Structure formats: C-alpha cells, structure tokens
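**Q** what shape does this take:
(one chain, ligands or ions: 1)
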Amino acid sequence: MSNRAEPIRSVKGTRDLLPGETALWQRVEDEARRVFAAYNFREIRTPILEQTALFARSVGADTDIVTKEMYTFQDRDNESLTLRPEATASVVRAYIEHTLFNEGGIHKLYYLGPMFRRERPQKGRYRQFYQIGAEVLGSDHPTIDAEFLEMLALLLGRVGLTEYNLLLNSVGCPKCRAEYLKVLRHALDKVKDKMCGDCQRRAVTNPLRVLDCKVEADQPIIEKLPHILDHLCPECRQHFDCVTGELQQRGIPYEIAPRLVRGLDYYTRTTFEMTSGVLGAQNAFLGGGRYDGLSEMLGGPPTPGFGVAIGEDRLLLAVEQAAGLKLDAALDVFVAWMGDAARDPATQLVRTLRQQGLSAVWRIESNYEPAKLKKSLGLANKLGARFAVIIGEGELATGRWQVKDMAAGQQEEVEAGRVLAYLREKLQKG
Ligand code: AMP
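**A** Numbers count the residues shown, from 1 in each chain. Below is the predicted model:
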C-alpha cells in the first residue's frame, strides 16, 4: 500500500495560469500600461479585502453580485469582510479616504488584479477572474467618455483584436431615470406575470434589472418594453449626443444598445460594453460607463466619474482566437561547456550575457553540470535557443569560443572577449 497523500486540487472556478500562458498575459498587461500612460493614467493598488458595506452601497443591494455572488465572511472580530467583486468602488473609496479631491483637477487611475464572484463556472466565467480597469474622476464632460473609448480601441488594436462591437447606451441621471422607471413599471405591470420569477420580483424592487434578464422566454417581452433613450432629460440627451458625435469624429464605430443598463446600480448616463463573436455565450470582454453619483453614495464630495473594467481572462481568449499576438519565449543563447576547466569561463560568460542583455531581455541558459556536447546541444535545441556558445578543452586552449547559429547549423570561432559584441550584433539583426 502506498502512503502517498491525496493530491489537493485548486478551488472550483479558480485556475492556475501556467508559464505557457503567462507570457501572453504579461504582454497584454504591458500594452495596457503603455496605452494608459499615453493617456496620462497612473496606477492605483487597492486591497483585495474590503468592508462588505462598500459593495452593498455602491454595486447595489439588489444586484446579483451582492445578493448571490460575493465571498463574504465574518472576521475574527465580527467585522463583515468581502473579497472584492470589482474595483471601481475601491478606487472611489480610496479617492475619498485619501482626499485626492483636494488636489483638484481630473484624476486618471488604472488598476490590474483579481476579482472574486461566486458564479457558475464555465468557459470565460470564473470565480477568481482578472480585470484591468481604468477610471477618470472629476469631470462629466462628454469628451472624457469619447476619449476613453478611443483609448480602449487603441489598446485593443495593440493586442491584435480588431473584430469587436462597441455597444453604447445612456441610463440617464437620477432625475430622468425616475421618470423612465415610472413608465417601465407601468409597462411591466401588464406583462410581468408572463415573465420568470426573478423578473417578477425585479419588476417591483428594481425594474431596470429586468432589462438584464437572460431567460430565453422573456426576451420577446423585454424587446417591447420602452427604451430609456426615449426618456432622457434634455441635459442627458445632449450629453449622449455629444459622446456619439465625438465618437464619429474620432472614427470609432459603435452600436446603440437600448437594453444595456449593466448589472451595477451606480451607473449614470453613458454605459458601454464590448463584445466579440469568438467568445461564445460569455461574449462581453469589457464594460463600463459613467457613475456621476458614486462618490456621494460612498460619503465623498460630488465627483463625476467614468470607467471601464476589462475582463482580462476573456480579452485573452479573444486575442488567442483572433491569433492577434504571437509570443516567443524561446532562449536566445545556450552556453554549453564541457569539463571542469570550462566551468569558470562559462559561468562568467553566462553572467555577463544576462547582465548586459537585460535591456533587450535576452534569455540565457547553460548546463549546470559538466555534460557531453551532444547532450547540451540537444537541450539547447529543445529550449529553442537561437545561438549556442561552446566552451571545451580545444576552445580553452585557443581562447576562442565556438558560436553556433542553431537554425542555420553554422558555427564560427570568436575570440572570448568578443563574444558579447558578436552576439549583440547577431541578436539585434534577428
Ligand atoms: P463587470 O464588472 O460586471 O462590469 O464586468 C466587466 C468585465 O469583467 C466583463 O465584461 C467580463 O469580461 C469580466 N467578468 C465579469 N465577471 C466575470 C467572471 N466571473 N469571469 C470572467 N470574467 C468576468
């Protein structure tokens, strides 16, 4: 009988991202940081743990996230804590807590990190997933909205995603939304008995949520409900027209989606989502909008805001499907040495190549134990090395190392002191 213990598996809905995948994640994150910097965004890092009340107040007590999906627990001192299901609330909390508003002007912030929602796992839907998000605090100008969407288009282009839809709507302000809700409630009164249980409840508690319903049988009924865009007040209408006008000027295509109210309570005016046909059922890979009342809901001064949360897991799926980015994590140089006398010069060369190659991110590897040339070159090949430097007895005698171009199969003798310069030139060309 073996006494080997049962292996422990990862938690349902969570997953390990293995080295074969993380290279692409890093590339996408690098591009995001670069594009955000170009638009003058700066990074903010907030805790993963927050007080439960933060999300109950901001995301909304009657949303799926708060009622069914949060990982909430009583801490040892009985405080109720939650693993963040999203980060906009945290960013605005931090903005208020650290009185960033006292600095005046517009704050442009971005974040990257894991979020937690206890949803039913499926492709593109996980219980721990990753978002790349950005927020602009301090202006309600429609140019903010349009410029932000332009920034997202640039980012998507940079990661090789060109086929997607930008869906756009306005959910108005508290004033016109209240009027619209009256009209919607009235319309729902007549049809809600034919709808699913959730919709019957929402028709009373939070009628806007009915528009989010995914139940197939309810769709024809929802299609006929009045549209919020037809009930915007003049200010919200003008704001929306400015946003769409600027998008046209900037050459950014969009589609009006009158049902797009999004699952969180804090949105005002512009809401948007981007979807990709290659993603299947979970086709939205990012979403966001304007949230001009959120700061006040969280006890801060009136501060208009606009933001996005990019679902990084889904963006990656879409990028992979579109074969947008090809990554090469292959080795640049393998230093193969034979015999104890070659150990020191090989170790020195490896160190020099690693230090000098840092700015170009060269990948350097070597054998750790003395090994036969054939075995070392076999390993170099397996690791996809572009060059192998060979240091053995013969090379030590002449002070000239052999440098082999692995793909071409050609070999040249290079003076030991010139190997770095030689490789730099060769690697730059490739
Ligand atoms: P939300 O915070 O709900 O507006 O979501 C923003 C984006 O995050 C969505 O468009 C999805 O791409 C992504 N997302 C939300 N929930 C999940 C999840 N459970 N698993 C993977 N991605 C998610």
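**Q** so K175 is in which element?
**A** helix 174-191 (DSSP states H and E).
**Q** quick one: mean pLDDT for the helix or strand just after that helix?
**A** Sequence order places helix 197-205 as the next helix or strand after helix 174-191, per DSSP H and E. Helix 197-205 comes out with an average pLDDT of 89.
**Q** for helix 197-205, packing partners?
**A** The contact analysis (3 or more CB pairs under 8 Å, 6 or more residues apart in numbering; DSSP states H and E) places helix 197-205 against helix 174-191. Every C-beta, even on glycine, is put in place using the N, C-alpha and C of the backbone.
**Q** give me the buried stretch members for the helix it packs on, please.
**A** C176, R177, Y180, L181, V183, L184, A187, L188, V191 (16 or more other CB atoms under 10 Å).
**Q** quick one on the thing from earlier: by how many degrees do the helix holding K175 and helix 197-205 diverge?
**A** 130 degrees (axes from the mean of the first three to the mean of the last three CA atoms, to 10 degrees).
**Q** only C-alpha atoms, please: export helix 174-191 in PDB.
**A** What follows is helix 174-191, C-alpha atoms only, in PDB (Å, rounded to 0.1, in the frame of the first residue of the first chain):
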ATOM      1  CA  PRO A 174     -31.500  60.100 -11.300                       C
ATOM      2  CA  LYS A 175     -34.000  62.700 -12.400                       C
ATOM      3  CA  CYS A 176     -34.900  61.300 -15.900                       C
ATOM      4  CA  ARG A 177     -34.400  57.700 -14.700                       C
ATOM      5  CA  ALA A 178     -37.100  58.200 -12.100                       C
ATOM      6  CA  GLU A 179     -39.500  59.300 -14.800                       C
ATOM      7  CA  TYR A 180     -38.500  56.400 -17.000                       C
ATOM      8  CA  LEU A 181     -38.900  53.900 -14.200                       C
ATOM      9  CA  LYS A 182     -42.500  55.000 -13.800                       C
ATOM     10  CA  VAL A 183     -43.100  54.300 -17.400                       C
ATOM     11  CA  LEU A 184     -41.200  51.000 -17.200                       C
ATOM     12  CA  ARG A 185     -43.100  49.900 -14.100                       C
ATOM     13  CA  HIS A 186     -46.400  50.700 -15.800                       C
ATOM     14  CA  ALA A 187     -45.400  48.600 -18.800                       C
ATOM     15  CA  LEU A 188     -44.200  45.800 -16.600                       C
ATOM     16  CA  ASP A 189     -47.400  45.700 -14.700                       C
ATOM     17  CA  LYS A 190     -49.100  44.400 -17.800                       C
ATOM     18  CA  VAL A 191     -46.600  41.700 -18.700                       C
END
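**Q** who touches the residue nearest to R202 when sequence neighbours are not counted in this structure?
**A** The spatially closest residue to R202, leaving aside those adjacent along the chain, is R209, at 4.4 Å (CB to CB, 6 or more residues apart in numbering). Contacts for R209 (CB atoms under 8 Å, 6 or more residues apart in numbering) come out as D62, T63, R202, V261, G263.
**Q** based on its surroundings, how many neighbours for the second one?
**A** As a burial measure, the neighbour count of T63 was computed by other CB atoms under 10 Å and equals 22.
**Q** wait, doesn't it sit right on Y266?
**A** No. Assessed by CB atoms under 8 Å, T63 is found out of contact with Y266, at 10.0 Å.
**Q** list the contacts for whichever residue of the stretch 101-250 of the chain sits closest to the ligand?
**A** Residue of the stretch 101-250 of the chain nearest the ligand, by CB to the nearest ligand atom: F129 (3.4 Å). By CB under 8 Å, 6+ apart, the contact list for F129 reads P114, M115, R117, G311, E312, D313.
**Q** the stretch 1-150 of the chain against the ligand: which residues are in contact?
**A** With CB under 6 Å from any ligand atom as the criterion, the stretch 1-150 of the chain meets the ligand at residues E86, R117, E119, G124, R125, Y126, F129, Q131.
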